[in-house]
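Undergrad: My questions concern the predicted model and sequence given below.
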Amino acid sequence: MGNLKQTIILFDLDGTLTDSAEGVIRSAQYMQEKMGIEKWADEDLKFIVGPPLMKTFTEDFAMDAETAETALGYFRERYTTVGLFENRLYPGIEEMLIALRAKGKRLAVATSKKEETAVRILEHFGVAKYFEVIGGDNRAAGRDNKAKVIAYVLEQMQAEKSDVMMVGDRKFDVEGAHAIGIPCIAVEYGYGDRAEFIACGADVIAGTTEEVVELF
């Protein structure tokens, strides 16, 4: 422990900084109701938290591109007004951010969530101030997957890849980081599990926020 030398740390949002499952699931159910399709149970919708929504709608819900756009609109209709605050910081998050900053680390967020929504959430919980950059999905700017968001954040921070570590809770974080050429710590307190992390090649697995701090 304590041997990671990177000075720039990027964090995923859902499942890494906040437990956003309730708001995401409720908004997905709202979308299903508005589209006149069968509403799935909470347990059956847990997989939706974290991955890019368009990918989920086209692949897991088997929607064509046009239908997925409609679904995304309904989802955001509820999520951006109610669902984003059906959410909470995981225990120890602010303490982790303070400790990492005290070690001289530069922090940022790289999320598949819509960027302006990510900013609102982090400001709501009072932790936006710890991050130099909050980067998220912005399809108008061509940022429509995790790798592109990470690349954008690195550009904004003028970062060398060798000096960057990603922290996330799902395979999408690991795969996005690796696609850009940076390593990733996978955290077990979020929505992923050890089997998923091993299968996708996570560089390090941490069980708690305290362990993340200790790695540096």
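TA: Sure thing, it's come through. Numbers count the residues shown, from 1 in each chain.
Undergrad: could I get stretch 74-84 in PDB with only the CA atoms?
TA: C-alpha atoms of stretch 74-84 as PDB (Å, rounded to 0.1, in the frame of the first residue of the first chain):
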ATOM      1  CA  TYR A  74     -38.300  10.600 -20.900                       C
ATOM      2  CA  PHE A  75     -35.700   9.400 -18.500                       C
ATOM      3  CA  ARG A  76     -34.100  12.800 -18.200                       C
ATOM      4  CA  GLU A  77     -37.500  14.500 -17.900                       C
ATOM      5  CA  ARG A  78     -37.800  12.900 -14.400                       C
ATOM      6  CA  TYR A  79     -34.100  12.500 -13.600                       C
ATOM      7  CA  THR A  80     -33.100  16.200 -14.100                       C
ATOM      8  CA  THR A  81     -35.900  17.500 -11.900                       C
ATOM      9  CA  VAL A  82     -36.300  14.800  -9.200                       C
ATOM     10  CA  GLY A  83     -34.100  11.800  -9.700                       C
ATOM     11  CA  LEU A  84     -30.700  13.400  -9.400                       C
END
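Undergrad: Show the average pLDDT along it.
TA: The average of the pLDDT scores along stretch 74-84 is 94.
Undergrad: Then stretch 136-149?
TA: Across stretch 136-149, pLDDT averages out at 89.
Undergrad: Flag every buried residue along it.
TA: Going by neighbour count (16 or more other Cβ atoms under 10 Å), the buried part of stretch 136-149 is 136-137, 143-149. From N, CA and C alone the C-beta is placed, and that goes for glycine too.
Undergrad: Who are the packing partners of the longest strand seen in the chain?
TA: The longest strand of the chain (DSSP state E) is strand 106-114. Applying 3 or more Cβ pairs under 8 Å, 6 or more residues apart in numbering; DSSP states H and E, one finds that strand 106-114 makes contact with strand 8-11, helix 93-102, helix 115-124, strand 133-137, helix 146-157.
Undergrad: picking that back up, Glu214: which of the buried residues of stretch 136-149 is nearest?
TA: Distance to Glu214 across the buried residues of stretch 136-149 (Cβ to Cβ) is lowest for Lys146, with 25.6 Å.
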